[in-house]
Structure formats: structure tokens, C-alpha cells
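Novice: Here's a sequence, model it:
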Amino acid sequence: MINIGVIGKNEATQIINTLNDLFYYLETPIYSIENLYEVGHNSKRHYEILIINEDSDLTEQLLKDDFVADYIILNADNKNLFGYLGGRTGTLITYGFCGKSCVTASSIVDGVYKTVQLCVQRSLPTIDGQTIDEQEFPISIQNLGQNIYSILAAITAALVAGLSTEKIAN
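Specialist: Alright, predicted model coming up:
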């Protein structure tokens, strides 16, 4: 089972819902997701994937706890988040629109479905030991008002969890 923790007050629900949809539709029921804002200090202490999307006082407090994460997926456009990592170990994978993000979007079209041209700018390691090479691929998600950062976070986590770009694109 893949344990995923999400730190992000306002957008965590969007990230979790998008991940749930991806894993459900792709018939991959091998995960557990927690919103650390909701479970706080009572949460698990080890996550295969920890998504850090937003900055707040609670984000800083939660990251002072003794969480262990194999992969840390971080919103690179929020520079404050880097300061919270301290000596935390784990493979850092970034998403956002800055030029150094591992995963970004090269185009976004809003409609009934939000169509995003996703760009993997650096090779990504996956939990199962594979590597996702640099590439671009389109995704379409029913437009329910999701923030683009929530979509980028969820897709990045799904890739690291081992879902192929072909499955996600379809």
C-alpha cells in the first residue's frame, strides 16, 4: 500500500479528490491518502509520498513533526516551502511554473474538461524503481474548478506512485 500525505489547507481536498479519481479510474487501489491539516499530529509518521502545496502557520508546525517521506512533492513556486524542509531526507520532486520545476504545464485550456499539456522537465524516479523520462503529454480532467497547482500536485504524485503517462493521458 502506498501512503500519501498532503499538506495544503485550501487545496488539499482538490489534490486528494483528483488522486482518488485517478487511482479509481485506473483501477489502482493500492494507496491511502491523508490530509495532514485534518488529522494533524495524530497522523502516520511515514509516507511514501508527501505533497506540500501551501504555506501557512500550520504547514510549518506540521513539518516540525517527525514525518518521514520517501518522496517529497513540493510546489516550487512557493519559495517559503523550501525553508520548511530543514534536514528532511527523501527525494525532492518539484512542480509549478518556474523554470526549474520537475513537472510543469506548457498549456492549459479551460472548458467542460480542463486540458493540460503536462511537461516532465527532468527524469522522475518512481516508487517501483522505474524512471519517467523527460516528455510532454496531454491530460483532460473534468473541470470542477480545480486549481492548476492541485492538478500538477496530483499528477506528479500519481507518476511517482507508478502510474504510467499513457494511463494518465488516456
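Novice: In this structure residue 146 contacts residue 14, no?
Specialist: Yes - between residue 146 and residue 14 there is a contact under Cβ atoms under 8 Å: 4.9 Å. (Each C-beta comes from the backbone N, C-alpha and C, glycine too.)
Novice: lowest confidence element among the helices and strands of the chain?
Specialist: Across the helices and strands of the chain, mean confidence by mean pLDDT, DSSP states H and E is lowest for helix 36-39: a mean of 66.
Novice: Listing partners with orientation, what would you give for the helix or strand following that helix?
Specialist: Downstream of helix 36-39, the next assigned helix or strand under DSSP states H and E is strand 46-52. Applying DSSP bridges, strand 46-52 is found paired with strand 2-7 (parallel), strand 68-75 (parallel).
Novice: Could you say which one of those comes nearest to residue 20?
Specialist: For the strands paired with strand 46-52, proximity to residue 20 was assessed by Cβ to Cβ; strand 2-7 is nearest, at 10.4 Å.
Novice: what pLDDT, on average, does that closest one get?
Specialist: Per-residue pLDDT over strand 2-7 has a mean of 84.
Novice: next one: that strand to chain centre, how far?
Specialist: 9 Å (Cα atoms, centre = their mean, to the nearest Å).
Novice: Can you identify the element that follows it toward the C-terminus?
Specialist: The first helix or strand that comes after strand 2-7 along the chain, using DSSP H and E, is helix 12-25.
Novice: Quick check, central residue of this structure?
Specialist: residue 153 (2.9 Å; Cα atoms, centre = their mean).
Novice: is it true that that residue lies in a helix?
Specialist: Yes - under DSSP: H, G, I helix; E, B strand; the rest coil, residue 153 sits within a helix.
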